[in-house]
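# following is a predicted model, sequence given first.
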Amino acid sequence: MLTRRIIPCLDVDKGRVVKGTRFLELRDAGDPVECAVAYNNQGADELVFLDITASSDGRATMIDVVERTAERCFMPLTVGGGIRTVEDVKAMLRAGADKVSMNTAAIQNPSLVDAGANTFGCQCIVVAIDARSNKDGTWQVYTHGGRNRTELDAVEWAREVCRRGAGEILLTSMDADGTKAGYDITLTRAVSEAVSIPVIASGGAGNLDHMATVLSEGKADAVLAASIFHFGDFSVATVKDYLATQGVPVRRV
Amino acid sequence: MTGIIDYGGGNLQSVRNAVRALGHEPVLVHDADALEGVSSLIFPGQGAFSDCMTALEQRGLTGPLRDWIMADRPFFGICIGYQVLFEGGEENPGVPGLGILRGQVVRFAQQPGVKIPHMGWNTAHVVHPGHPAWASLGNDPFFYYVHSYYPQPEEEEVIAATTPYAGLEFAAAVERGRMFATQFHPEKSQATGLQLMGNFLSARD
């Protein structure tokens, strides 16, 4: 049967992993390619690179990282950050990425979702949604790491990008992100039930039970996590072993 | 040499890298002339069914590709490169495929709780586990899938593997002679995928 995906995410700035990882076995834990290979060997189901490089001339560095990763990792690779045009999408796909994730650019120019999906297929287009809860039980879409509030309702925006041809939603709870107190189950479930495309839950992973809960009660199709993996708290294999005991279908290697 | 059909667009890099990692020399095939010297052909299709057929036509590859497969030369189709082997499909009604296999390509039916695309790692149940194409892979290996449409082969004997999704078992792979094609992406399926591609290349190169 189709298994739930476990997806490590690496933040990359000018070709270097930002938050730092503690892979003891790596010669250079700041090298995104080395980290990608380590996750590949652990049996990660996919990998996400989030390019947080501010300057546009740093983009070529990301393409180089993607090319070198694709030479060594035969697993699905998503690249987010700085994707603003169909040409940006094409460059990343040609370098060896399978999907691109767009966030602010999709909000500023929603037709980019349609254009990307029409040109390269919907499976390539991931829309990242950063959401924060309102007092009335709804969620608002934010940009720029949760600093800028938009007028968009998160569930409605998810429905719209689905209609426009997105193949997947990467949903981050800005309330939960960084807390290690667990994913936002209510938000994840609301979005997952509102759309027919897969939803990746992100933000708040602190322990294994958090992952199991968002996959079962939250109805997420996949979980994304960064620090829980980077700092060696858990390997991908450990996570999968635990999820299996909780009845979550996972692929174990 | 191992030819990889390239009609512009998506990610071919992974297939190229996989072929190299398996110790073979990949060459991109943009037109019929580039088939010269190619002994095995991989066709990683991307995008929509009609875009794929249009691009093949524009590059003068439709006829040569059909001839290649009909002559039973080694062929490995992936994803859309698998789907276009059939007569046509729901994605673009009225657009004929290569018509090498009988049957249509249909969309997963929309139903509550079922996500489309079918995306992620799923098993492929091997119909003939003893077959060399599946050597060292066991009976139900995991592969990576991402697709909303799937072929329904009319000739049941071509089905090499089936995969459960959306309440049915669809044909995840077909085989006839030296033609092999999969809905899943072996080039994205880590060691399992490389093993499958390696089985193809070592048997047929």
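It's in.
# and the residue nearest to B:Tyr7 when sequence neighbours are not counted, how many neighbours?
Leaving aside its sequence neighbours, B:Tyr7 sits nearest to B:Ala55 (Cβ to Cβ, 6 or more residues apart in numbering or on different chains; 3.6 Å). C-betas here are computed from N, CA, C, even on glycine. When neighbours are counted by other Cβ atoms under 10 Å in any protein chain shown, B:Ala55 registers 19.
# surely B:Ala55 is within a helix?
Yes - membership of B:Ala55 in a helix is supported by DSSP: H, G, I helix; E, B strand; the rest coil.
# bridged to the spatially most central residue of chain B, which residues?
When Cα atoms, centre = their mean is applied to chain B, the residue found nearest the centroid is B:Ile78 (2.3 Å). Note on B:Ile78: beta-bridge partners by DSSP bridges are B:Pro44, B:Thr182.
# all helices of the chain, in order?
Unless you meant another one, I'm taking chain A. Remark: helices assigned in chain A by DSSP state H are A:32-42, A:59-72, A:86-95, A:104-108, A:111-120, A:154-164, A:185-194, A:208-216, A:227-230, A:236-245.
# that was the other one, I meant chain B.
B:13-21, B:49-58, B:62-70, B:80-83, B:190-204.
# out of those, nearest to B:Gly103?
Counting by Cβ to Cβ, B:Gly103 lies closest to helix B:80-83 out of the helices of chain B; the figure is 10.1 Å.
# and that closest one, what other elements does it pack with?
strand B:40-45, helix B:49-58, strand B:149-153, strand B:179-182 (3 or more Cβ pairs under 8 Å, 6 or more residues apart in numbering or on different chains; DSSP states H and E).
# contact partners of it?
B:5, B:42-49, B:52, B:89, B:97, B:105, B:149-151, B:173-174, B:181-183 (Cβ atoms under 8 Å, 6 or more residues apart in numbering or on different chains).
# let me see the contact set for the residue of the stretch 1-150 of chain A found nearest chain B.
Per Cβ to the nearest Cβ, A:Gly96 is where the stretch 1-150 of chain A lies closest to chain B, at 3.8 Å. Residues in contact with A:Gly96 (Cβ under 8 Å, 6+ apart) are A:66-67, A:69-71, A:77, B:11, B:13-14, B:17.
# where is pLDDT lowest across the residues you listed?
Across the set of these, B:Asn11 stands lowest in pLDDT, at 75.
# do you know how far that residue is from B:Phe76?
16 Å (Cβ to Cβ, to the nearest Å).
# got the residues of chain B near chain A?
Within chain B, the positions near chain A by Cβ under 8 Å from any Cβ of the partner chain are B:9-14, B:17-18, B:20-21, B:46-48, B:110, B:114-123, B:142, B:144-148, B:164-165, B:185, B:187-191, B:193-194.
# report the buried members of these.
B:9-14, B:17-18, B:46-48, B:115-123, B:142, B:144-148, B:165, B:185, B:187-191, B:193-194 (16 or more other Cβ atoms under 10 Å in any protein chain shown).
# A:His210 and A:Gly204 touch, don't they?
Yes - if you go by Cβ atoms under 8 Å, A:His210 and A:Gly204 touch, sitting 6.6 Å apart.
# what sits in contact with each of those two?
A:182-183.
# ok, the closest residue in space to A:Asn40 that isn't next to it in sequence - how many residues close by?
Spatial nearest neighbour of A:Asn40, excluding adjacent residues (Cβ to Cβ, 6+ apart): A:Cys73 at 4.3 Å. Using other Cβ under 10 Å, the number of residues around A:Cys73 comes to 23.
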